[in-house]
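Asks: Okay, predicted coordinates and the sequence, questions at the end:
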Amino acid sequence: VQLQASGGGLVQPGGSLRLSCAASGSVRSISDMGWHRQAPGRQRELVARITRSGSTNYADSVKGRFTISRDHANNMMYLQMNSLKPEDTAVYYCEADYTVIGETIVAGRKWGQGTQVTVSS
């Protein structure tokens, strides 16, 4: 499984951005996916996750402002971010849990490269 995140940028407070994560490779092995972020000097934190069936959960800090979604047909995941605040500034990473069943069972979490989101006036 390979993941490619995109869509970051500079936006003013109150603005919106949509992040995209493209999955390739053994996409059928992917179950849950999610977005995490890491601000300078801080630990990486969960932003939102979505199951294969579409159930979602969000960090309290983004509830009501961010929406996570998946497009199974195109192997994409999105994070729609509205009402952005300066404290949302961070590098955002997408990830996917996968299980590959062959002669052995291989399971793990794959991370994409980060995309920078900066919220500033």
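Replies: Noted; the coordinates are in hand. Source: prediction; values computed, not measured.
Asks: in this structure, which residue is closest to the centre?
Replies: For the chain, the residue sitting closest to the mean C-alpha position, by C-alpha atoms, centre = their mean, is residue 35 at 2.5 Å.
Asks: so what's it up against?
Replies: When the contact criterion is C-beta atoms under 8 Å, 6 or more residues apart in numbering, the partners of residue 35 are 19, 21, 46-49, 68, 77, 79, 92-95. Using the backbone N, CA and C atoms, a C-beta is placed for each residue, glycine as well.
Asks: Skipping adjacent residues, who's closest to it in space?
Replies: For residue 35, ignoring the flanking residues on the chain, the nearest one in space by C-beta to C-beta, 6 or more residues apart in numbering is residue 47 at 4.4 Å.
Asks: Kindly indicate which of the contacts of residue 35 lies nearest residue 58.
Replies: The closest of those to residue 58 turns out to be residue 48 (C-beta to C-beta; 4.7 Å).
Asks: packing partners for the helix or strand harbouring the closest one?
Replies: Residue 48 belongs to strand 45-50 when elements are defined using DSSP states H and E. Applying 3 or more C-beta pairs under 8 Å, 6 or more residues apart in numbering; DSSP states H and E, one finds that strand 45-50 makes contact with strand 30-38, strand 56-58, strand 66-71, strand 76-81.
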